[in-house]
Every structure is written in C-alpha cells, then in structure tokens.
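Visitor: Sequence first, predicted coordinates after that:
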Amino acid sequence: MIHQQQLQFSTRGRGTFNISREVDDVIANSGITQGICQVFIHHTSASLILCENADPTVRTDLETFMKKIAPDGDSMFQHIDEGPDDMPAHVRTVLTQSSLSFPVNGGRDTLGTWQGIYLWEHRVHPHNRKVTITVMGE
Amino acid sequence: MIHQQQLQFSTRGRGTFNISREVDDVIANSGITQGICQVFIHHTSASLILCENADPTVRTDLETFMKKIAPDGDSMFQHIDEGPDDMPAHVRTVLTQSSLSFPVNGGRDTLGTWQGIYLWEHRVHPHNRKVTITVMGE
Amino acid sequence: MIHQQQLQFSTRGRGTFNISREVDDVIANSGITQGICQVFIHHTSASLILCENADPTVRTDLETFMKKIAPDGDSMFQHIDEGPDDMPAHVRTVLTQSSLSFPVNGGRDTLGTWQGIYLWEHRVHPHNRKVTITVMGE
C-alpha cells in the first residue's frame, strides 16, 4: 500500500516550524499500520530536521550555529543574486535534510519522545513551501 | 513484504560504534532478497553515519572535526541544561543522520567495501539508544 | 513492485556532477508510477546532494565552504594515508548524503524546479563511483 499527499506551508521567514502534527495526520489517513514514512521538501533553500521538541533555545542555538559557520553576506560566497541570505540558505539545506524517513508502527509514527519534525526556512523572507509525504507499508 | 525490528544499544559515552553486524542479522532474518533497508535512531543527541570502516583514526578525526566546529561549552550556546555537551550533541545530530537507507540485494546489504554503519553517541556519558530497522521488498 | 539498477560514473576529480537525467531514466524504465526513489552511493569519499541546478556558482560556493570548514591538509587530521584530501573527503561525505530519497509520482521524479541530483566527488583525483537506484511502488 502507498499513500502520497502534498502539503503547503507558508513560512514566516527564517526559522523552524514544527510540522509533526500535519505529518501524523497523513499517516493516520493512510490506513497503513506498519512500514515507513518519507517526508520530502521540494526546495533548495529550506530543509527538514528531526530536532529536540521541548526547549525552543535548542532551535535558537541551531540558528546561531548556522550563522557562525555560514554567515549571511560572507565574502566567500559569489552566489548573491537574491541577497546575503541566498547562498547560506543553500549551504544550510545541503548540511541538513531534504528528505526525512522513519518507521511507521501501530498506524503511527515511531519518533522518539523528544523528536519533532521541523521545516527549517533558511531565507529571511516568508516563502510558500511544498512538502510531499509518502507512506508505504501494509 | 515488511520486516521491522527494534534493537537496543548501550553506548560507552561519546564515540562511534559499528552496528553493521546487527543490521545485517536483521536483513538476514527478514527473508527479503531485494528492496531497501532503513535504520532509524529514536534520539536527538545520538545519530547514524556510514563511515570508512578500516582505519579508526577516521572516526577520531571526525570527533576532532566536530569538537572544532561545535565545541563543548561554547558561549554561543544557550541550551546548557544538561551540561556543556548538551547542545553540541544536538548540532552533531542535525549535521549527520537520524535515518540511513540503502539497497538490499541478494538477501544482504549492498554497502561498499569500506562503508560501515556506525551509531555515533554524542553525549559524554553512556546512554541506552533505541534503533529500529525496517526492511521492505520481496 | 521493485526496480533496482546499478550505474557507474567516472568522475573528473573533485566537483559536482549532475546525474538527474540518469536517475530519471531508471525511474522511467521501472514502470512504477507512484512510490519512492532511493539513490545510493557505495563510497565514503564521494556523496550525493540535492542542489540548486541553475547557477553553477552555487556549487563553486559549496566547494569554497567545505574547503573552509574542512581544509585539505589541516593539521587537525591524522588520517592522511592517501593525501591531504583524504580525511576532508570523509568529513564532506558525513556532512552530506550517501542516500537520497524522494517521491515518484506520475511515473517520474517529483523534484522541485531548482532541485538537481548531484554526485559530489570529494577526492582531487578522478574515481569510478558506483550508484544504485531503487524504485519502489506501484
């Protein structure tokens, strides 16, 4: 059995957005009890992470870390057509995930207690982001 | 066909642990000859990597690299509730993998000669880590 | 349904190579209309990324970024048997992907307009690289 569904998210600019509930709803709708779930984002300047979901400073610190290793407007970058956050957004995407996969069991996700699914918008300005969720199993 | 099995690993604190044999046993038990294998870790301060399995200094150097870009106790981090290795563990997890996927063929993994599956414990102290392996195919 | 096919690529040394067309051909050959595609590279010194496919300076900048955070010949690295680019190649592989997964729909990939599939050779000298593509679905 395969269940595939596309979702749209409007981000508010750079930052992390918990999409766990939306993903769980798709798994529930799929009717699949055991298998895998794949969450895919169709962009190169926003990405996906599984991240600690209790203390928001974890995600603040991830921003700080990324700003340190790939600073906006850094002179090492030539690809600056869309602004100082353009190339850092591509770097952050390549260092994180465009696709997350995890097991489905008992008709639901099997994420750890502290694992949340986050869409990470890397551009400073708001964007519409397309995500496709595929559940495969029985 | 789907085969799903959960494993527990007791780490000895920060470091890499080769779990290739345990994963291979699950593939063998699955009876699946062709398809994919997904290895998933249910934590946000330990992760998975496919890494060179011959010279242990490769994994020593990976520790050195991570300590350099995300140093324990660095003043850029606010999330320090559980100690100086707390936030660096989340950063390392986000930069590596919570889920590894690879092809299964001939009833076994198809990893390259030098590819080993490693559980990377990022916390300084020992932890119990839960991993789920899902094999799908025919 | 499962379709699995192995491809060989001869790289020209360090750099990114667009393999989207080759992957698309495998999807078309599979006869699978809906499901997932997994692209796997069987090496620890070359990797895969989904990257912006319009402006080549994006990929030049990714090289610059990697050279900055994991410089060839850096004194922090002990694993230098095969030269100054040996350990940086392993670091780059661990920071990017050995496996890419994305949805298949309508008998083709569902990658975003700007997403290209790239094989990233991290060694300075040319190498032969083995990639396996698995398409699962119906």
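Guide: Sure, I can see it.

Visitor: Now do the contacts for the closest residue to chain B within chain A.
Guide: Nearest to chain B in chain A, going by C-beta to the nearest C-beta, is residue A:112, at a distance of 3.5 Å. For every residue, glycine as well, the C-beta is placed using N, CA and C. When the contact criterion is C-beta atoms under 8 Å, 6 or more residues apart in numbering or on different chains, the partners of residue A:112 are B:42, B:43, B:44, B:130.

Visitor: can you narrow those to ones near chain A?
Guide: Restricting the contacts of residue A:112 to those near chain A by C-beta under 8 Å from any C-beta of the partner chain leaves B:42, B:43, B:44, B:130.

Visitor: Filter the residues you listed down to just the ones in strands.
Guide: Filtering those for membership in strands, criterion DSSP state E, returns residue B:130.

Visitor: Give me the distance between the most centrally placed residue in chain A and chain C.
Guide: Ranked by distance to the mean C-alpha position of chain A (C-alpha atoms, centre = their mean), the top residue is residue A:48 at 2.0 Å. Here residue A:48 is placed at a distance of 12 Å from chain C (C-beta to the nearest C-beta, to the nearest Å).

Visitor: Next: residue A:83.
Guide: According to C-beta to the nearest C-beta, residue A:83 and chain C sit 14 Å apart.

Visitor: Correct me if wrong: that residue contacts residue A:77.
Guide: No: here residue A:83 does not reach residue A:77: they are 10.9 Å apart, not a contact under C-beta atoms under 8 Å.

Visitor: Am I right that residue A:91 sits in a strand?
Guide: No: counting by DSSP: H, G, I helix; E, B strand; the rest coil, residue A:91 is located in no strand; its state is helix.

Visitor: Check the spatially closest residue to it that is not a sequence neighbour and give its pLDDT.
Guide: Residue nearest to residue A:91 in three dimensions, not counting chain neighbours: residue A:70, with 4.3 Å by C-beta to C-beta, 6 or more residues apart in numbering or on different chains. The pLDDT attached to residue A:70 in the predicted structure is 98.

Visitor: Kindly report the same for residue A:32.
Guide: In the predicted model, residue A:32 carries a pLDDT score of 98.

Visitor: circling back: adding pLDDT and neighbour count, write the ones next to chain A among the contacts of residue A:112 out as JSON lines.
Guide: Rendered in JSON lines, the data for the ones next to chain A among the contacts of residue A:112 read as follows (pLDDT from 0 to 100; neighbours: other C-beta atoms under 10 Å in any protein chain shown):
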{"residue": "B:42", "pLDDT": "98", "neighbour count": "20"}
{"residue": "B:43", "pLDDT": "98", "neighbour count": "24"}
{"residue": "B:44", "pLDDT": "98", "neighbour count": "25"}
{"residue": "B:130", "pLDDT": "98", "neighbour count": "15"}
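
Visitor: if we can go back for a sec, how about the residue nearest to residue A:91, phi and psi?
Guide: The main-chain torsion angles of residue A:70 are listed as degrees, to the nearest 10 and equal phi -130, psi 70.

Visitor: what does residue A:87 give?
Guide: For residue A:87, the backbone dihedrals are phi -70, psi -40 (criterion: degrees, to the nearest 10).

Visitor: For it, give me its contacts.
Guide: Here residue A:87 is in contact with A:70, A:77, A:78, A:79, A:80, C:58, C:61 (C-beta under 8 Å, 6+ apart).

Visitor: Nearest residue to the residue of chain A at minimum distance from chain C in space, ignoring adjacent ones along the chain?
Guide: Ranking the residues of chain A by distance to chain C (C-beta to the nearest C-beta) places residue A:42 first, at 3.5 Å. What sits nearest to residue A:42 in space, not counting adjacent residues and going by C-beta to C-beta, 6+ apart, is residue C:112, at 3.5 Å.
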